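> Dropping the sequence and predicted coords here.
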Number of protein chains: 2
Amino acid sequence: MNKYIIGLDIGGTAIKGALFSESGEIAFRNEIATPHDSGQAFFIDTLCDFAAALSDGHTVDAVGLGIAGILDPACTTLLESPNMPALRGMPLKAQLEQRLHCPVIIENDANAAALGELRAGAGRGLSNFLFFTLGTGIGSGLILNSRLWRGEQGRAGEFGHVTVYPEGELCGCGKRGCLEAHSSGTAIVRMAAAAAHQHSATALRAYAEIPSELTPKIVYQHARAGDAVSRDIFKAMALGLAIAIANVHTLLDIYTFIAGGGVSRAYDYFYPMVMEEIDQRIFSSVRGRIRLLRAELGNDAGVYGAAYAAREALNLAGL
Amino acid sequence: MNKYIIGLDIGGTAIKGALFSESGEIAFRNEIATPHDSGQAFFIDTLCDFAAALSDGHTVDAVGLGIAGILDPACTTLLESPNMPALRGMPLKAQLEQRLHCPVIIENDANAAALGELRAGAGRGLSNFLFFTLGTGIGSGLILNSRLWRGEQGRAGEFGHVTVYPEGELCGCGKRGCLEAHSSGTAIVRMAAAAAHQHSATALRAYAEIPSELTPKIVYQHARAGDAVSRDIFKAMALGLAIAIANVHTLLDIYTFIAGGGVSRAYDYFYPMVMEEIDQRIFSSVRGRIRLLRAELGNDAGVYGAAYAAREALNLAGL
């Protein structure tokens, strides 16, 4: 009998899902809007209906689920839920298992994506790497000895909240100078909005009165088109990233970093900027040995990772 | 037949050694001056004579050796040797095994000390911690899952060279803003020498003409006696340390840090300063949960750790 696993990726905007066959391929996939502020019962109902539709009539052996936020060490309950505050404190695993009649494995979304890249993406065959997502925020998952390093309380991999500038920008987390406050998509937009006001000789000037229309993509396009101010914004973003990457390397002696998330679409542009700065901030004896790869699974990393997390937790054969 | 292991700790000033009985206790110990600039052959001769004297007539099953510098991943050859440049590139393991007629296990000195604290010191019973030495420099050893994390190339745990201030002081390693440049004994002395010149209202003023006589201990004594400038120097040292500790916690989700080295004798004084700053730089949900312990083995951490490294590598019973 074939074994099927469902991988679910609960994002701030959409819930993505895929049915994986025993060979590890996606047999069927779908996507629905994330139900916000609709309460725990409605969320569970939505998720279970979505999973039922994804199963496509097959018996499902396990469901893996990646979600933003902090889980308890046993990965059963959502302790902190930035995108869906209503889910805070929810015993997600127990409730879903009761309804879905199969094991449900829950993982932090960035951790799940790191597992996806390890098994089926840019991290295939590697023992150690840090995967991070450059998006509205910066999430990450750390692979050590070919396994996810979760930390003592399951909170590991908060790469976005390491301090890069002790007196830097205020971060959404309440701390100052976090990587996320200097190198995320949000940081790019903040720098662009400030530049639109301050600099007359920039294409960003057009957004001085409509800063809410600024996106990382717009800044990227202007930078590519030769706008020096837009380029400097990416340079500042790259510098923060380089400081943080160099520090992880220096502490852990790992050499591979994998960038995912929406802003990683500008990978070709910021890659040389980041690499140049990294080399200034590591021992001269290891210069040129750090690798910054682009994630390969793109939007699928989450569902792949959730499915792999389920497989590994259950030690299922196949997939 | 009893099993004996020798632990050797090669420091910049002295070589410490101890003979460990099967029960893990020190049966005999000794110390000699480190032979500097005397070439590889003399170093090997000195070390072998010292080990022979330490063995005290017993048959030694293994020798563990901790030494500053960077070893190759297999821990056989000293790739970088800051204290004894003459040893660079030396196949230490092979040469010592040939002469000592027993297995020789070599480990970075801070890694060895971390192992010592794990097995017989402040880290007993813990699964995860960062041990670091506050001395002339800052070394460290990282314990994850009750094992030494060496990294991919055996260079892990360079806690002293993570960047805490991207535009900070120039470090001896050539980089800028390393923890070592802001929080080591050397950094304390540098700040004190500058303060002796700049501030008239400080007890450090007496050293304006004789800055070479300044030591971390003198600054500590003046701070304890109420000198505000000396206290501020320790506050600056504590702030750098707090930034670095908070970052390691945020990345790895580990909660215990163990301070050793000469400057850790001021632990009672800087402890509250460091803890206050750490709490500003971690998520509010984990405030109050970081522990900064004082190393317990003091000067013995190195020989203990070297002996434990030998035991673990050889999987010897006892000790």
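Looks like it came in fine.
> Could you check how far the closest residue to A:H36 other than its chain neighbours is from A:G298?
Nearest residue to A:H36, sequence neighbours excluded (C-beta to C-beta, 6 or more residues apart in numbering or on different chains): A:M84, at 6.4 Å. Every residue, glycine included, has its C-beta placed from N, CA and C. A:M84 sits 23 Å away from A:G298, going by C-beta to C-beta, to the nearest Å.
> Give me the more crowded residue out of the two.
Comparing A:M84 with A:G298 by other C-beta atoms under 10 Å in any protein chain shown, the one with more neighbours is A:M84, at 22 against 14.
> who are the neighbours in contact with that one?
Neighbour list for A:M84: A:10, A:34, A:36-37, A:43 [criterion: C-beta atoms under 8 Å, 6 or more residues apart in numbering or on different chains].
> go again using 10 Å as the cut-off
Applying C-beta atoms under 10 Å, 6 or more residues apart in numbering or on different chains, one finds that A:M84 lies in contact with A:10, A:12, A:34-40, A:43, A:67-69, A:78, A:90.
> A:A201 now?
By C-beta under 10 Å, 6+ apart, the neighbours of A:A201 are A:227-229.
> which of the residues you listed lies closest to chain B?
A:V229 (21.3 Å; C-beta to the nearest C-beta).
> Off-centre distance for the one helix or strand A:A242 maps to?
Using DSSP states H and E, A:A242 sits within helix A:228-252. Centroid separation for helix A:228-252 versus its chain: 17 Å, with C-alpha atoms, centre = their mean, to the nearest Å.
> Can you show me the helices along chain A?
Assigned by DSSP state H, the helices in chain A fall at A:40-55, A:92-100, A:109-120, A:179-183, A:185-198, A:216-224, A:228-252, A:267-280, A:301-314.
> what's the closest of those helices to B:H197?
Closest approach to B:H197 among the helices of chain A (C-beta to C-beta): helix A:267-280, 30.2 Å.
> any bit of the closest one sitting next to chain B?
Yes. Applying C-beta under 10 Å from any C-beta of the partner chain, one finds helix A:267-280 touching chain B at A:277, A:280.
> So what's the model's average confidence on that helix?
In this model, helix A:267-280 carries a mean pLDDT of 97.
> Could you pull out the buried residues of it?
Buried residues in helix A:267-280, counted by 16 or more other C-beta atoms under 10 Å in any protein chain shown: A:267, A:270-271, A:273-275, A:277-280.
> Check stretch A:45-64 too.
Buried residues in stretch A:45-64, defined by neighbour count with 16+ other C-beta under 10 Å: A:46-48, A:50-51, A:54-55, A:58, A:60-64.
> and if you look at stretch A:189-204?
Across stretch A:189-204, burial judged by 16+ other C-beta under 10 Å covers A:189-193, A:195-196, A:199, A:202-204.
> If you average the pLDDT over that stretch, what comes out?
The predicted model assigns stretch A:189-204 a mean pLDDT of 93.
> how about the CA coordinates for it, as CSV?
C-alpha atoms of stretch A:189-204 as CSV (Å, rounded to 0.1, in the frame of the first residue of the first chain):
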residue,chain,number,x,y,z
VAL,A,189,11.3,49.8,2.5
ARG,A,190,12.0,51.8,5.6
MET,A,191,15.4,53.0,4.2
ALA,A,192,13.7,53.7,0.9
ALA,A,193,10.9,55.8,2.4
ALA,A,194,13.5,57.8,4.4
ALA,A,195,15.6,58.3,1.2
ALA,A,196,12.6,59.4,-0.8
HIS,A,197,12.3,62.3,1.6
GLN,A,198,16.0,63.1,2.1
HIS,A,199,17.6,62.8,-1.3
SER,A,200,16.5,64.8,-4.3
ALA,A,201,18.6,62.9,-6.7
THR,A,202,17.0,59.5,-6.5
ALA,A,203,14.3,57.8,-8.5
LEU,A,204,12.7,56.9,-5.1
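> Contacts only, for the closest residue to chain B within the stretch 1-150 of chain A.
Closest residue of the stretch 1-150 of chain A to chain B, C-beta to the nearest C-beta: A:N128 (5.8 Å). By C-beta under 10 Å, 6+ apart, A:N128 lies in contact with A:142-147, A:149, A:252-256, B:149, B:151-152.
> try 7 Å this time
A:143-144, A:254, A:256, B:152 (C-beta atoms under 7 Å, 6 or more residues apart in numbering or on different chains).
> pLDDT at it, what is it?
98.
> follow-up on the earlier one: tell me the most packed of the contacts of A:M84, by neighbour count.
In terms of neighbours by other C-beta under 10 Å, the contacts of A:M84 top out with A:I10 at 27 neighbours.
> In TSV, list the contacts of A:N128 along with neighbour count and pLDDT.
What follows is the contacts of A:N128, written out as TSV (neighbours: other C-beta atoms under 10 Å in any protein chain shown; pLDDT from 0 to 100):
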residue	neighbour count	pLDDT
A:I143	24	97
A:L144	19	97
A:I254	23	97
A:T256	20	98
B:E152	17	93
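> and which of those residues is nearest to B:I138?
A:I254 (20.2 Å).
> My guess is the closest one contacts A:F129. True?
Yes. Assessed by C-beta atoms under 7 Å, A:I254 is found in contact with A:F129 at 6.4 Å.
> For the helices of chain A, which has the smallest mean pLDDT value?
helix A:301-314 (a mean of 89).
> Send me that helix as CSV with only the CA atoms.
The C-alpha coordinates for helix A:301-314 follow below in CSV (Å, rounded to 0.1, in the frame of the first residue of the first chain):
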residue,chain,number,x,y,z
ALA,A,301,10.3,24.8,0.8
GLY,A,302,7.6,25.0,3.4
VAL,A,303,5.4,22.2,2.2
TYR,A,304,8.4,20.0,1.4
GLY,A,305,9.9,20.7,4.8
ALA,A,306,6.7,20.0,6.7
ALA,A,307,6.3,16.7,4.9
TYR,A,308,9.9,15.8,5.7
ALA,A,309,9.5,16.8,9.3
ALA,A,310,6.6,14.4,9.5
ARG,A,311,8.5,11.6,7.8
GLU,A,312,11.5,12.0,10.1
ALA,A,313,9.5,12.3,13.2
LEU,A,314,7.6,9.2,12.4
